[in-house]
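Student: take a look and give me a structure for this.
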Amino acid sequence: MSVLFFILFLSLISSSLSISSPFNYSLHIDCGGLVNSTDAFHTTWLSDRFYSGGATSIVSEPLRFLHEQEKTLRYFPISSGKKNCYSIPTPTSGGRYLLRTFTAYDNFDGKAHSPSFDVSVDGTLVFSWRSPWPESVSRSGAYSDLFFYNDKPVVDLCFYSIATDSPVIGSLELTEIDPKAYDFKSAKNSSNYILVNYGRFSSGSDQWGPGFTNDTDVFGRSWQSDAEFRPQSLATVNGATLKAISAIKPIANVEKAPNYFPEKLYQTAIMAQGNGGGVLEYELPVDAKLDYLLWFHFAEIDVSVTKAGQRVFDVIVNGENVNRVDVCKEVGGFAAYDWSYVVKNLNSTTLNVRLESVVGAPIICAVENYAIVPIDVKTIPDQVVAMRALKESLRVPDRMGWNGDPCAPTTWDAWEGVTCHLMKDESALVISQIDLGSQGLKGYISDQIGLLTNLVSLNLSSNSLGGDLPSGLGQKSLVKLDLSNNKFTGYIPDSLTSASLQLVLLNGNLLEGQVPEEIYSIGVHGGAIDLSGNKGLCGVPSLPNCPLFWGKHGLSTGGKVAIGLSCLVFLSALLLGIYYCIVWRRRNDYDFGLPHELMSLAAKRNRYHRQKSLMALEMESQHAKGFIPTYNVS
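Tutor: Modelled structure (predicted):
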């Protein structure tokens, strides 16, 4: 895709969508959808695109789903390969994004078996769906979202099949957000992590936000009801009870950079009301192997407290007192207040959050919980370019799943037949082995293979590959090379002589020319080499002798010089003959001009003969009259 076309394409998308983000980029794709559509909230959904493979379907009971984009699906059967991706275009300047997906099973395939699969974003594992799904999720679907940083023109959202299950997705949304949103203190820059949503609730209200209500959130966040996270037996003291309250005045300090939290978030709250206060408690499901970012939201919207009174409470996370909040002092009346906390070293799959009264009733408007997922290492960009070029040139079939990053996530067996390893400094992944023997390939080897500078073993044997062996095929790292039983033509490239080859199998091809001695010496020094079945190869033992003046690439330099000189002599002789025949012969046949001296002699001779003739005529006349003249001779 050219740069101009890419820019025009992004412009078209931006102008056709309902863009609420202040950063002017938002994309909504109806996975499995055949036409563009607009939902009840005036969001434009594009028909399905940017996918690597798979097929479309619809849920079994579409009437149960509210929106058209929830009723259609794209699934990826094993025939499409174990790894399939959506490659979604983004602005090339880089930025932070919210990615939101909708996933439902609803027995679309009639197998009554919800699939097991993993989902990654740009090579980092973010979601894991394991069968059986909860009944509510399997039948009605679930929205999942995350925040991540991207500096490439394309984001790869990839699906990896567990066993033979078919990954499935109903819709996806990508929205650019403020690059400083949800920043937090860590050993690395927060852009080195992906924040995966493990719960985001608004207290004292029902679920709201995009996809559920007309309430807006410029980041596209949806907010669940806090009732889903409160334990059934809530601890209270002094006879306290939970009370939902609502604001009666506008809330200050909302919709501000970098997080743009909406005003609606602070218009409702839950407080534990009683004599001397009480306790608010929430239980958040987590993965004990990860760290979590908690984001707390407060606003004092109780009129009785804002006029006179005090509200102080402690925030306790997994039994540790992490902060004391004085709402009236720090927040003030009808104003938003937020702060975050990072939870580490969990030993449970439940994260417990308690707000315990110090003075007055504890109050809270919302809580967000995000898993802090370190970005996985990726394949070196040049090697990604090389592998994608090989995918095209070798015509790798879809069933091999060559999509997205060749090596990432590291927990996946990403591209069939490809082995990767970490660089010594563990900063990136590199390709070390390609094993595609007997795969029915019918293309050629791309010149870009030279970018695979860490390649140790290459096996493309027993296919129908053709063309010349590229000059880039000779990485110093290369130890094993098996290209046997193909249709390769041309000569053995000199670059192979600089490799560390211990095994070279080039038999059963159409190669020609003199074999480099350095290649043949592999067998002499304990390695293995097979060049049989190439009628045009010559010059080493077991192969015919090369013709006179024959070299590695056909005619040697001496042979070319000799032929050149011979051609020059022949051409000179030919030109000389042509010159003689045309120029000299023409001059002899048609030029009658004589030298000046010869013309003078001829003139004198002609005068002499004329005088002699006149004298003879005069003598004859005198003789006829009987008179013979006399002459004085002196």
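
Student: which residues touch the residue nearest to Gly211 when sequence neighbours are not counted?
Tutor: Closest residue to Gly211 apart from its sequence neighbours, by Cβ to Cβ, 6 or more residues apart in numbering: Ser222 at 5.8 Å. The way it works is simple: take the backbone N, C-alpha and C, and place the C-beta from them, glycine included. Residues near Ser222 by Cβ atoms under 8 Å, 6 or more residues apart in numbering: 100, 143, 145, 200, 207-212.

Student: the stretch 451-600 of the chain: strands as residue ranges?
Tutor: 457-459, 466-468, 480-482, 487-490, 503-505, 510-514, 528-530, 536-538, 550-551, 554-555 (DSSP state E, counting those that start in this stretch).

Student: which of the ones you listed sits most buried?
Tutor: Neighbour counts (mean count of other Cβ atoms under 10 Å) averaged over each of those peak at strand 480-482, with a mean of 22.

Student: for that strand, the averaged confidence score.
Tutor: What strand 480-482 shows for mean pLDDT is 96.

Student: quick check: Asp382 is in a helix.
Tutor: Yes: assessed with DSSP: H, G, I helix; E, B strand; the rest coil, Asp382 lies in a helix.

Student: do you know how far it is from Leu537?
Tutor: The gap separating Asp382 from Leu537 is 33 Å, by Cβ to Cβ, to the nearest Å.

Student: re earlier: select only the buried ones of the contacts of Ser222 in PyMOL?
Tutor: The PyMOL selection below is limited to those of these classed as buried (16 or more other Cβ atoms under 10 Å):
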select buried, resi 100+143+145+200+207+208+209+210+211
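
Student: among the contacts of Ser222, name the ones in helices.
Tutor: Per DSSP state H, helices hold no members of the contacts of Ser222.

Student: which one of the contacts of Ser222 sits closest to Asp302?
Tutor: Of all the contacts of Ser222, Asp302 sits closest to Trp208, with 21.5 Å by Cβ to Cβ.

Student: pretty sure that closest one is touching Phe201, no?
Tutor: No: look at Trp208 against Phe201 with Cβ atoms under 8 Å: they stay out of range, at 10.6 Å.

Student: need the overlap of contacts for those two.
Tutor: What both Trp208 and Phe201 touch, as defined by Cβ under 8 Å, 6+ apart, is the set Trp223.

Student: residues contacting stretch 158-166, please?
Tutor: Contacts of stretch 158-166 (Cβ under 8 Å, 6+ apart): 75-78, 82-86, 109, 113, 115-121, 123, 130-131, 167, 169, 403-405, 409, 412, 414.

Student: where in the stretch 51-200 of the chain is pLDDT low?
Tutor: For the stretch 51-200 of the chain, applying pLDDT under 70 flags no range at all.

Student: quick one: the strands in it?
Tutor: So, for the stretch 51-200 of the chain - with DSSP E, counting those that start in this stretch - the strands run 55-58, 72-75, 83-89, 95-103, 117-121, 124-129, 142-150, 154-161, 168-169, 171-177, 193-202.

Student: want to throw those strands into a markdown table with distance to Gly274?
Tutor: Output for the strands of the stretch 51-200 of the chain, formatted as a markdown table (distance: least, Cβ to Cβ, whole Å):
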| stretch | distance to Gly274 |
| --- | --- |
| strand 55-58 | 51 |
| strand 72-75 | 49 |
| strand 83-89 | 51 |
| strand 95-103 | 39 |
| strand 117-121 | 45 |
| strand 124-129 | 41 |
| strand 142-150 | 36 |
| strand 154-161 | 48 |
| strand 168-169 | 47 |
| strand 171-177 | 40 |
| strand 193-202 | 23 |
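
Student: can you check which of those gets nearest to Ile245?
Tutor: Of these, the one closest to Ile245 (Cβ to Cβ) turns out to be strand 193-202, at 13.0 Å.
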